[in-house]
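Engineer: predicted structure and sequence below. I'll ask about it afterward.
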Amino acid sequence: MLTATLIRGASYHHSTFTIMNLSPRLSSTLMRTSSPSRSIAAITNLYSTFSTDTASKWNGLPKTPSPPFPNEYNSVQVTTSSVPGPKSLALRQEMDSVQQTSTIHFFVDYAASTGNYLVDVDGNRYLDVLGQIASLPIGYNHPAILSAMTDPDNLPMLAQRPCLGLLPPNDWTKRIHNSLMRIAPKGLSEANTMMCGSCSNENAFKAAFIWYQTRQRGGLPPTDVDLESCMKNQLPGSPDLSVLSFRGGFHGRLMGCMSATHSKAIHKVDIPAFDWPVVDFPTLKYPLEEYVDENNHEEARCLALAEEAMITSRANDKPVAAIIVEPIQSEGGDNHASHNFFRRLRKIAEEQEVAFIVDEVQTGGGSTGTFWAHETWNLENPPDIVTFSKKLQTGGYYTKPEFRPNEGYRIFNTWMGDPSKMIQLQAFVDTVEKDHLLENTNITGQYLLDGLNELQIQYPDILTRVRGIGTFCAFDLATSTQRDTLVALLRMNGVECAGSGDVSLRLRPALIFQPRHAAEFLDILEHCIKEL
């Protein structure tokens, strides 16, 4: 096992130990007895002793150009007999009086959380590999973020929330250039800020529909008939257009987004949906090098279905105006496809004269080792629209110039984004460049993937289909029950994580996740696998 010589020097035993901590609030001396086969606290005992010999155990890890997170904890620590602990359970009961709470993992002490480690209200400390569902860019309480948010020059943007479509601040264009345009995908020169991933995709659909209909009219504005009929939800002003999507995809929880979402039934049930075409996304076999022919055939099959669906929709007077696709189906089970698949899909969109939308809400922001996952496709013709949110803190989408509506108020809402999130985004982008975080993500991701592959070799009946790019990794368990059991075991032993799809466990750490954190995760994972 990759990490055996690095961090597995200790053995399970009855022990008295001191939790060595960088946070005085959490420092305490505990006594615990443990059994390697029965106690879920055993791993905590092992990891809580790391503080005295951390450096020597991690000397063999690959080097990264990124600095360590200042004053970060040394390791995980779980002190309660169950997770969530008693304080979290009490808070959940209190919150249950006003809203649904079944999804809550635990309540968090964000003041005590730092770097890659999340601390709950019961004092338990977790290595966070979920990253607030892929939305945590550079860890908890990063000095660059804290500095930006306490900068007196930024206080006016925190004291009120402007209606950006009507009354933007005098430096708004400068802020856009200093953040969003510094990281703009190649070929996309315009950016629109939104609130979240769902409204980013929803408005991207609108932009595609407006573009499509404007082309149908030869560039002319809507006619009086268009304007009158749309107020009755009738043709021609309310055209019967559609968006082609893929099974397993997730694009949000608004009406259009849900019609293009096909990951979990509970997201969609009871909600009316548009009758839009959906086709299979490739289901690849792993390891990839052993199934080249089969995977090529599978991708060709799915591409043929997509092209056929567009031809059929047009014949039925329900033309497809746009295709939307994720570089990795992130909620639907971490489903990948080859670069060639996406290049051919983009070509089909071009030939069929429909907009090509790449949903980078979860993959954007650097966790795949490039700022945008689609960069590695090397497209001759860039996407028409790229949507974003999560790690970028603000939502929104980039477009080519032709996707800007000619009239105002067509892509519009009260806030059109949030300047406070742009402050965070600029600090994030600055830190990515200064601390070489993309390089760190590639180095750490390779180490993490190598370790997962070694675990797959050791435990082939439990862990399968290891896959990933950068630190955006996943693996499968045999059943959803086994996956959920492993997630619970990991959380009890100090790892905050979650599943994706039916049987996958996903990893979405922040860009400050380094090889030593990957080593800690891999070791805890192996011990939990042995408990299954």
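Structural biologist: Everything's here; your move. Every value quoted in this text rests on a predicted model; they were computed, and no experiment measured them. Residues are numbered from 1 along each chain as shown.
Engineer: ranges for the strands of the stretch 401-532 of the chain?
Structural biologist: 464-469, 472-476, 495-496, 498-500, 504-507 (DSSP state E, counting those that start in this stretch).
Engineer: ok, which of those comes nearest Q329?
Structural biologist: strand 498-500 (8.4 Å; C-beta to C-beta). To be clear about C-beta, it is placed using only N, CA and C from the backbone, and glycine gets the same treatment.
Engineer: burial count for the residue lying closest to N442 once chain neighbours are set aside?
Structural biologist: Leaving aside its chain neighbours, N442 sits nearest to G369 (4.2 Å; criterion: C-beta to C-beta, 6 or more residues apart in numbering). The number of residues packed near G369 is 23, by other C-beta atoms under 10 Å.
Engineer: tell me the SS of G369?
Structural biologist: coil (DSSP: H, G, I helix; E, B strand; the rest coil).
Engineer: is it correct that it is in contact with I443?
Structural biologist: No. Using C-beta atoms under 8 Å, G369 is not in contact with I443, being 9.2 Å away.
Engineer: that's a strand at V386, yeah?
Structural biologist: Yes. Judged by three-state DSSP, V386 forms part of a strand.
Engineer: for the residue nearest to N442, list the residues it contacts.
Structural biologist: Contacts for G369 (C-beta atoms under 8 Å, 6 or more residues apart in numbering) come out as 438, 441-442, 445, 469-470.
Engineer: I'd like the distance between it and S135.
Structural biologist: 18 Å (C-beta to C-beta, to the nearest Å).
Engineer: same question, N116
Structural biologist: 15 Å.
Engineer: related to what we said a few turns ago, from the contacts of G369, pick the one nearest L425.
Structural biologist: Nearest member of these to L425, counting by C-beta to C-beta, is L438, at 15.8 Å.
Engineer: need the nearest residue in space to the closest one, chain neighbours excluded.
Structural biologist: Per C-beta to C-beta, 6+ apart, closest to L438 is G366, 5.4 Å.
Engineer: just the pLDDT for the closest residue to G332 other than its chain neighbours.
Structural biologist: Nearest residue to G332, sequence neighbours excluded (C-beta to C-beta, 6+ apart): G248, at 3.4 Å. In the predicted model, G248 carries a pLDDT score of 97.
Engineer: surely G248 is in a helix?
Structural biologist: No. Counting by three-state DSSP, G248 falls outside a helix, being coil.
Engineer: ok, now which ones touch it?
Structural biologist: Applying C-beta under 8 Å, 6+ apart, the residues near G248 are 262-263, 281, 329, 332-333, 335, 501.
Engineer: likewise R483?
Structural biologist: Counting by C-beta under 8 Å, 6+ apart, R483 has contacts 476-477, 499, 502-505.
Engineer: quick check: the gap between it and R491.
Structural biologist: Distance from R483 to R491, counting by C-beta to C-beta: 13 Å.
Engineer: CA atoms only: put stretch 142-159 into PDB for me.
Structural biologist: What follows is stretch 142-159 as a C-alpha-only set of coordinates in PDB (Å, rounded to 0.1, in the frame of the first residue of the first chain):
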ATOM      1  CA  HIS A 142      -7.900  31.300   4.200                       C
ATOM      2  CA  PRO A 143      -5.900  34.500   5.100                       C
ATOM      3  CA  ALA A 144      -6.300  35.900   1.600                       C
ATOM      4  CA  ILE A 145     -10.100  35.600   1.900                       C
ATOM      5  CA  LEU A 146     -10.200  37.000   5.400                       C
ATOM      6  CA  SER A 147      -8.000  39.900   4.300                       C
ATOM      7  CA  ALA A 148     -10.200  40.700   1.300                       C
ATOM      8  CA  MET A 149     -13.400  40.600   3.400                       C
ATOM      9  CA  THR A 150     -12.000  42.900   6.100                       C
ATOM     10  CA  ASP A 151     -10.400  45.400   3.600                       C
ATOM     11  CA  PRO A 152     -12.000  48.800   4.300                       C
ATOM     12  CA  ASP A 153     -12.100  49.500   0.600                       C
ATOM     13  CA  ASN A 154     -14.500  46.500   0.200                       C
ATOM     14  CA  LEU A 155     -16.800  47.500   3.000                       C
ATOM     15  CA  PRO A 156     -19.300  49.400   0.700                       C
ATOM     16  CA  MET A 157     -19.800  46.200  -1.300                       C
ATOM     17  CA  LEU A 158     -20.600  44.300   2.000                       C
ATOM     18  CA  ALA A 159     -22.800  47.000   3.500                       C
END
